[in-house]
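Peer 1: Turn this into a structure:
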Amino acid sequence: MEVLNYKEFRITNEMLSSKTKRFLNYIIDLTIFYLMFFVLGALLYLIAELTINEDLIYFLDDLDNVNPLLDRLFTAVILVIFYTVLEGFSQKTVGKLITQTKVVLEDGEKPPFDVILKRSLSRIIPFEAFSFLGSTARGWHDSISKTYVVDVKIFDEQKKSHENYLLIGKEADS
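Peer 2: Numbering: from 1, shown residues only. A predicted model of the protein is given here:
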């Protein structure tokens, strides 16, 4: 067990989200992502049929025959946008919201946009999902972006303990 650094707040291993929660985050987020694609496609088909827009109908039908490389590229771009928007605004995806986890920097602060973008781009590295098979619950997208996914309850308790410790030192100085 790591001891909390009382000089400056730092993420410790006990604050990290478990592999189980990380796996649940992945499954939930991927399900939401593909559900979003399905709903968008269904809405576009509905709009095309209701407006009798032949061009849109032909376009949507042609999507079945799109180049697989182009399909993967398009999906990767949308995936990067999906994660960047969600984690950029709230430090959480739907999966993290459900499992009560969030993304932070080593000092516990909210990551800036460029760090979240780097984190999201790192997710499209081939076989990145397998990077969790190591001993820690950190993937390549965590280590590349120097971010951590923490259990919110434990993180908040440790952060509060750290803040209280700093207050004790200030009160003693007064």
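
Peer 1: For this structure, just list every one of the strands.
Peer 2: For the chain, applying DSSP state E gives strands covering 101-105, 147-151.

Peer 1: out of these, nearest to residue 136?
Peer 2: strand 147-151 (10.1 Å; Cβ to Cβ). For every residue, glycine as well, the C-beta is placed using N, CA and C.

Peer 1: What mean pLDDT does the closest one get?
Peer 2: Mean per-residue pLDDT for strand 147-151: 96.

Peer 1: between it and strand 101-105, how big is the angle?
Peer 2: 140 degrees (axes from the mean of the first three to the mean of the last three Cα atoms, to 10 degrees).

Peer 1: got the CA positions of strand 147-151 in PDB?
Peer 2: Output of strand 147-151 as PDB, limited to C-alpha atoms (Å, rounded to 0.1, in the frame of the first residue of the first chain):
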ATOM      1  CA  THR A 147      -3.700  10.200 -17.200                       C
ATOM      2  CA  TYR A 148      -5.200   8.000 -14.600                       C
ATOM      3  CA  VAL A 149      -8.700   6.500 -14.200                       C
ATOM      4  CA  VAL A 150      -9.600   6.700 -10.500                       C
ATOM      5  CA  ASP A 151     -12.400   5.400  -8.400                       C
END
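
Peer 1: quick revisit: any chance of TSV for the strands of the chain, columns distance to residue 26 and mean neighbour count?
Peer 2: Output for those, formatted as TSV (distance: least, Cβ to Cβ, whole Å; neighbours: other Cβ atoms under 10 Å):
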stretch	distance to residue 26	mean neighbour count
strand 101-105	12	22
strand 147-151	11	24
